[in-house]
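Asks: sequence first, predicted coordinates after that:
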Number of protein chains: 2
Amino acid sequence: MSKELPITERTRLRRKSERGYYDRETIDAILDAMPMCHVGYVIDGSPVVMPTFQWREGDHVYWHASNAGRGLRAAEGTSVCLTVSLLDGLVLARTGLNHSANFRSVMIFGQPRKITEPERKADLLNGMIDAFYPGRSTILRPMAESDLKQTALLSLPIEEASAKIRSGGPIDEDEDYALPIWAGTVPVKMQMMPPVPDPRNLDGVEMPEHVTSIKFG
Amino acid sequence: MSKELPITERTRLRRKSERGYYDRETIDAILDAMPMCHVGYVIDGSPVVMPTFQWREGDHVYWHASNAGRGLRAAEGTSVCLTVSLLDGLVLARTGLNHSANFRSVMIFGQPRKITEPERKADLLNGMIDAFYPGRSTILRPMAESDLKQTALLSLPIEEASAKIRSGGPIDEDEDYALPIWAGTVPVKMQMMPPVPDPRNLDGVEMPEHVTSIKFG
C-alpha cells in the first residue's frame, strides 16, 4: 500500500473532492512526470509565483535558485507552496461552463530547508542531472566550487501535499445530450522534438542515449 | 511600437536582466500562446499556487473560479501573482550548473476585480470559449443563469507585468568547449493529439474545424 499523507487545512480539497489524492504513489508519479513547477513565495506581503525545475529524491523535492535571488531570501524561514501541473487534455462540452481540462497536479506546502553542506549539495545536483538524463552526471566536467557557491539548493519534505486529477470526457446535463453539438476531448502531450546538437560539439562526439530517451509528461 | 509597461519593484528582473521584457507585444504573445496559468494567493498568511486557465481580452486577463472556492475569497481585495510559463526546451551543457531550460514566461501582479454584471460575465465567458475554440460559443447551449451564479469571474489588468524568455543553445565556459561532451538542446512542444469524440455525440454530428485547428504553445 502506498503511504497516505494526513489531510490538512491547506491540502484538503474542498470542491470536487473525488478528484483529490493524498497517497504518496499518486503524488510521486506526478512529481516524477514533470520537472517544471511553480513555487509560490510571499515577498513583502504579496504572492510571487516563480517557474522553476524540481526533482524528487525519496521523501523530498528539491529545486535550486541563485544565492542572489529574492525567491531564496523569501523562502528562508517561511512557508512556500510548490505546484506541479500537467495539462493532459481539453474537454469540450455542450454548454460553456461544462468545458473543462484534463490535468494532473500536486501541491506541496512547507518550509524549505537550504542544503549547505558542499558535498551533499554536489551529490544532489548531480542527482538532478541524472533524474532528467540518466547517467549524464558521470560524463560531465565536475561542478566547480565557485559555481556551487552561487547556487542555493532548497528542499521541501513531501509531508503536507495533495494531488488532483481530472480525466475522461465531458460531463453534461442529462437534457443536453440530445443536442446536436460535437463534444469530446483533445488530448495534449508534452513532446520531445529531435535534439539539436551544439554547433561547437567536437567532431565525433555522439549523441548519448540519455538525450534520445528523454520522456516527460 | 509596442507599449512598454513601467518597471516596478515586483516586475524588475534582478538576475539575467537581458532576458526580461516589459512590452505588451511580447507579454501578450505569451499569454495568448498558453491558457494554463498558475495564480498565487496568500491564504491565512501562506502562499497557495493554483493551476487554472486564463485568457486575455484587450488589456486584461481573466480566469474563473467557483464562487465557493477559497482562491476566490483570497483574491478579493488582495494582490495576486498570475504566472504563465511555456517550456520550450531542455538545454544540456558540458557541466552540471550550465544546464538550463528554454522557456517563455509572464508574471502579472495586481489586485483582481470580480465581474458581477451578469450580461458582461456571460459575454466574457463566451469570449473565453471563442478564444480557445473560435466560433464555438455560437453553437453551444447558452449558459444558464444558475451556472453563471456559481461561477466567479476575475479580471486582472496587464499593468504591472513582465516577460522572461530564454532561447538558444547551451552557454559554457570557454575552456569547456574543448571537452568531448555532447551538448545541445532538446526542443519541447505542447502537442494536440487526435480528438476523441464523446461516445454520446449524436449520429451525424461532425467534428467542427475549431476542434481540429486548436494550437497552443
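Replies: Cool, the structure landed. Numbers count the residues shown, from 1 in each chain, chains lettered A, B, ... in the order given.

Asks: quick check: longest helix of chain A.
Replies: Counting by DSSP state H, the longest helix found in chain A is helix A:118-132.

Asks: and it, what does it pack onto?
Replies: strand A:55-57, strand A:60-66, helix A:145-150, strand A:151-157 (3 or more CB pairs under 8 Å, 6 or more residues apart in numbering or on different chains; DSSP states H and E). (Each C-beta comes from the backbone N, C-alpha and C, glycine too.)

Asks: quick one: residues contacting A:Ile27.
Replies: Taking CB atoms under 8 Å, 6 or more residues apart in numbering or on different chains, we find A:Ile27 in contact with A:5, A:21, A:106, A:158, A:161-163.

Asks: neighbouring contacts of the helix or strand bottoming out on mean pLDDT in chain A?
Replies: In chain A, no helix or strand scores lower on mean pLDDT, DSSP states H and E than helix A:70-75, which sits at a mean of 72. For helix A:70-75, contacts defined as CB under 8 Å, 6+ apart pick out A:39, A:41-43, A:48, A:50, A:65-66, A:80, A:112, A:114, A:152, A:154, B:14.

Asks: now the residue nearest to A:Gln150 when sequence neighbours are not counted: phi and psi?
Replies: Spatial nearest neighbour of A:Gln150, excluding adjacent residues (CB to CB, 6 or more residues apart in numbering or on different chains): A:Asn67 at 5.5 Å. Phi and psi for A:Asn67, reported as degrees, to the nearest 10, are phi -60, psi -20.

Asks: circling back: which of the contacts of helix A:70-75 fall within strands?
Replies: Members of those lying in strands (criterion: DSSP state E): A:39, A:41-43, A:48, A:50, A:65-66, A:80, A:114, A:152, A:154.

Asks: which one of the residues you listed sits in the busiest neighbourhood?
Replies: Highest neighbour count within the ones in strands among the contacts of helix A:70-75, by other CB atoms under 10 Å in any protein chain shown: A:Val39, with 29 neighbours.

Asks: hmm, that residue is touching B:Val49, no?
Replies: Yes. The pair A:Val39 and B:Val49 qualifies as a contact (CB atoms under 8 Å) at a distance of 7.3 Å.

Asks: which neighbours do the two share?
Replies: Common neighbours of A:Val39 and B:Val49, counting by CB under 8 Å, 6+ apart, are A:49, A:81-83.

Asks: picking up where we left off before, now the helices and strands packed on helix A:118-132 as CSV including mean pLDDT?
Replies: Formatted as CSV, these follow (pLDDT from 0 to 100):
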stretch, mean pLDDT
strand A:55-57, 97
strand A:60-66, 92
helix A:145-150, 88
strand A:151-157, 95
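
Asks: for B:Ala93, find the nearest of those.
Replies: Of all the helices and strands packed on helix A:118-132, it is helix A:145-150 that lies closest to B:Ala93, at 11.3 Å by CB to CB.
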